[in-house]
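Engineer: got a structure for you, letters missing:
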């Protein structure tokens, strides 16, 4: 893949740009193996490759410039906008939206926020698209001043963007380096975006997390499902479950009683909606902190524990709880193999039996790795 933005040093986020893709994938597999200290007993599965470009199902677009000449991309440290609307990583549906969003800013007078002066209203536009071409657009603003103007343009937006299902305004009032705020105002009748996978359709609410690469997310869930099928558990816990990808796949593939735990109430509502649509009665979702939920349990342990934490990993409290439990199988999906390695060191009773690198983020050094850990000795 070639990128004019990278070549011109306008955006250097894709640190592996220009490296042949086969080399990128091999480097990620080598990195994971070195970090996780495998030996001959570990079954390292073939890495899951991705499309090199046009794979991103979401765009976090920083708005800068002026109403008449907005930039859609990123900002420099001094607040200058750099337009990246032609980014080659975007799904074609997102790329086709860019001229429409640019025109919308001008026609609706959506004043871009200026970081230096702290004036203006429109900070970011967050776009998510499904494999079927349906989409959700979220306008991150400083106040409610643009609410009426954005609401009035929804019919025009839906005319210009086929498949636009959900439009929201997100309030980020404070001058902080965040992508979005806590308050969301949904402006359309439809409130969730269906995300189609091979076996099910997840329903994303505006603040629900979903992986940035749909094809790789699908492969990730299927790998977890395959390992769960092999174990044939009576019970499965899916901690940091997000919208329920691992747990719902486990419920489809087994008779196990599944419990999904996620701090985000939005994500939990998404998981419940999908379970209801599928008629799955063997899964329960809880909007709670994953570690607090686990530590409240002292004797009723699941047969299989699935964890899919943020980059920081699951941490000492939860690893100590797992180490002292009677859980036989842990499936750990990580977007940061370094924090995964630290967490594994805290659980010496478990052995790494199988692992697979999945290239969630081509053109970068980042990747997802899913591991199968099985208890080798009794808990300490």
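Structural biologist: Now that the structure is in, tell me what you want to look at. The shown structure was predicted, so the numbers you read here are calculated from the model rather than taken from an experiment.

Engineer: nearest residue to the residue nearest in space to the middle of the chain other than its sequence neighbours?
Structural biologist: Against the mean C-alpha coordinate of the chain, by C-alpha atoms, centre = their mean, the closest residue is residue 211 at 2.9 Å. Computed as C-beta to C-beta, 6 or more residues apart in numbering, the closest residue to residue 211 that is not its neighbour in sequence is residue 217, at 3.8 Å. In this view, the C-beta of every residue, glycine as well, is placed from N, C-alpha and C.

Engineer: quick one: contacts for the one you found?
Structural biologist: 197, 210, 211, 245, 360 (C-beta atoms under 8 Å, 6 or more residues apart in numbering).

Engineer: Provide a list of residues in contact with the residue nearest to the centre of the chain.
Structural biologist: Taking C-beta under 8 Å, 6+ apart, we find residue 211 in contact with 217, 220, 360, 368.

Engineer: from those residues, which land in helices?
Structural biologist: Cross-referencing the contacts of residue 211 against helices under DSSP state H gives 217, 220.

Engineer: tell me the one of the contacts of residue 211 nearest residue 299?
Structural biologist: Using C-beta to C-beta, the shortest approach to residue 299 within the contacts of residue 211 belongs to residue 220, at 31.1 Å.

Engineer: got a pLDDT number for the residue found closest to that closest one once you drop the neighbours it is linked to in the chain?
Structural biologist: Excluding its sequence neighbours, the residue lying closest to residue 220 (C-beta to C-beta, 6+ apart) is residue 358, at 5.5 Å. Predicted confidence (pLDDT) for residue 358: 98.

Engineer: same question for residue 299.
Structural biologist: You'll see residue 299 listed with a pLDDT of 81.

Engineer: repeat for residue 377
Structural biologist: For residue 377, the predicted pLDDT is 70.

Engineer: my read: the residue nearest to residue 220 touches residue 371, true?
Structural biologist: No - contact between residue 358 and residue 371 fails when scored by C-beta atoms under 8 Å: they sit 11.5 Å apart.

Engineer: gap between the residue nearest to residue 220 and residue 36?
Structural biologist: Shown here: residue 358 relative to residue 36, a distance of 14 Å by C-beta to C-beta, to the nearest Å.

Engineer: what about these two, which has more around it?
Structural biologist: Higher neighbour count among residue 358 and residue 36: residue 358, with 25 against 19, using other C-beta atoms under 10 Å.

Engineer: list the contacts of residue 312.
Structural biologist: Contacts of residue 312 by C-beta under 8 Å, 6+ apart are 336, 339.

Engineer: what does the model give it for pLDDT?
Structural biologist: 96.

Engineer: next one: phi and psi at it?
Structural biologist: Main-chain torsions, residue 312, degrees, to the nearest 10: phi -70, psi -10.

Engineer: just to revisit the earlier point, among the contacts of residue 211, which two are most distant?
Structural biologist: Spatial extent of these (C-beta to C-beta) is set by the pair 217 and 368 at 8.8 Å.

Engineer: mind jotting down where the strands sit in the stretch 251-380 of the chain?
Structural biologist: For the stretch 251-380 of the chain, the strands defined by DSSP state E, counting those that start in this stretch cover 257-261, 283-286, 304-307, 329-334, 350-358, 368-375.

Engineer: with distance to residue 79 added, can I get those strands in CSV?
Structural biologist: CSV is the format used below for the strands of the stretch 251-380 of the chain (distance: least, C-beta to C-beta, whole Å):
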stretch, distance to residue 79
strand 257-261, 39
strand 283-286, 41
strand 304-307, 38
strand 329-334, 34
strand 350-358, 36
strand 368-375, 33
